[in-house]
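[1] Mind folding the following:
(2 chains)
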Amino acid sequence: MTLGFTLVGIITLAGAIGAVVFRQIVHSVLSLALAFTGVAMLYLQLDAQFLGFAQFLVYIGAVTILILFAILLTRNTGPSLSRSPFSNGWASGVLVSAAVFGALAWAIRATPGLAQNAPHEANASVKAIGEALLNHYVIPLEMIALLLTAAMVGAVVIAMNERPSQSFPQPSRQNDVKGS
Amino acid sequence: MVSLTHYLLLSAVLFSLGLTAVLVRRNAILILVGIELMLNAANLNFVAFWRFGPAPDQLAGLMFVLFAIGVAAAEAAVGLALIIAVYRHYQTTDIDRIADLKG
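    This next block holds a predicted model:
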């Protein structure tokens, strides 16, 4: 293993571990941004420069900020601070994750031919990606544009569509007024 | 020299940490964070297999990740909107307390 891979791997895993264990949600999300940065640097190491910068822009620039806004909109102080941030059955959850990791690691170790493949030159320039996107992958590109539009409209509709009368738990009184 | 095994193992650890966040945390937002971590692990696998595979000139692996990033952004937006809608209704994002369908 080279030094660069080790450093980036440590950054990624430290960010991911922090995202899982920090008590404060905001700290967790900032730690998640660190993990995203590590993954972006791994993409850069794998000669996928465009993807690395797309990861920077989309995940760190958009998804993390979106999650932070959601935290600001749903902040509940009081009882949540005294309660443990982990669910009651956290031990079984950790056990299941460890089992999944064990199975994955065993599968990776048991597969032959993974270690000796030497990487050769890759041509993932922005020009090649753009030509591929607009020739061979043009239908998926249009589909994802449609999907993003629909998702944005749907997100706005879901987040806005609660009439004020529904949030108060007094529907019976309104019915009485209407009935009399 | 860094081989494909190292990337796959790193991605497996990342996936397991994301799964831990989904299974262990109480807050619905942090469950979404765990899902994002798992998606990133899958994307890292795609890129590693593309780079170490037999034909890195074919950009299929890269395209997969590019579209997966787009879908993940849409998923995050819709998921957070759902969490905000649920929060408006229950005044909490603690999934242990959002249990009205539990019979």
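
[2] Below-threshold pLDDT in chain A: ranges please.
    Low-confidence segments of chain A, defined by pLDDT under 70, span residues A:1, A:76-82, A:116-120, A:161-180.

[3] so how many other residues sit close to B:Val86?
    Counted with other C-beta atoms under 10 Å in any protein chain shown, residues neighbouring B:Val86 total 17. Heads up, the C-betas are built off the backbone N, CA and C, glycines and all.

[4] dump the residue contacts of it.
    By C-beta atoms under 8 Å, 6 or more residues apart in numbering or on different chains, the contact set of B:Val86 is B:Ala28, B:Thr93, B:Ile98.

[5] How about the helix or strand containing it, which residues are buried there?
    In the assignment (DSSP states H and E), B:Val86 maps to helix B:60-90. The neighbour-count criterion (16 or more other C-beta atoms under 10 Å in any protein chain shown) identifies B:61-70, B:72-88 as the buried residues of helix B:60-90.

[6] Following element in sequence after the host helix or strand of B:Val13, please.
    B:Val13 belongs to helix B:4-24 when assigned by DSSP H and E. Reading on from helix B:4-24 to the C-terminus, the next helix or strand found by DSSP H and E is helix B:28-52.

[7] How about that following helix and chain A, any contact?
    Yes - using C-beta under 8 Å from any C-beta of the partner chain, helix B:28-52 reaches chain A at B:29-30, B:32-34, B:36-37, B:40, B:43-44, B:47-48, B:50-52.

[8] likewise stretch B:71-79?
    Yes - if you take C-beta under 8 Å from any C-beta as the test, stretch B:71-79 does meet chain A, through B:Val71, B:Ala72, B:Ala73, B:Ala74, B:Glu75, B:Ala76, B:Ala77, B:Val78.

[9] between the residues you listed, which is closest to chain A?
    Using C-beta to the nearest C-beta, B:Ala74 comes nearest to chain A of these, at 3.5 Å.

[10] Tell me, how many residues neighbour the nearest residue to that closest one once chain neighbours are set aside?
    Distances taken as C-beta to C-beta, 6 or more residues apart in numbering or on different chains put A:Ala151 closest to B:Ala74, at 3.5 Å, once the chain neighbours are dropped. Taking other C-beta under 10 Å as the neighbour definition, A:Ala151 ends up with a count of 21.

[11] Kindly report the same for B:Ile98.
    Burial measure for B:Ile98: 15 neighbouring residues, criterion other C-beta under 10 Å.

[12] Regarding it, what is its secondary structure?
    coil (DSSP: H, G, I helix; E, B strand; the rest coil).

[13] mind checking how far it is from B:Tyr90?
    Going from B:Ile98 to B:Tyr90 by C-beta to C-beta, to the nearest Å gives 5 Å.

[14] Most neighbours among the residues of helix B:28-52 next to chain A, which one?
    Using other C-beta under 10 Å as the contact criterion, the top neighbour count among these goes to B:Asn40, which has 29 neighbours.

[15] got a list of what A:Thr2 touches?
    Applying C-beta under 8 Å, 6+ apart, the residues near A:Thr2 are B:Met1, B:Val2.

[16] what are the phi and psi angles of A:Ser92?
    phi -70, psi -30 (degrees, to the nearest 10).

[17] Find the nearest non-adjacent residue to it, please.
    Taking C-beta to C-beta, 6+ apart as the measure, A:Ser92 lies nearest to B:Leu23, with 7.8 Å between them; neighbours along the chain are not counted.

[18] Touching, the one you found and A:Gly93? I think so.
    Yes - shown here, B:Leu23 and A:Gly93 form a contact pair, counting by C-beta atoms under 8 Å, at 3.1 Å.

[19] Tell me the helices and strands packed up against the helix or strand containing A:Met143.
    Following DSSP H and E, one finds A:Met143 within helix A:138-160. In this structure, helix A:138-160 packs against helix B:60-90, with contacts taken as 3 or more C-beta pairs under 8 Å, 6 or more residues apart in numbering or on different chains; DSSP states H and E.
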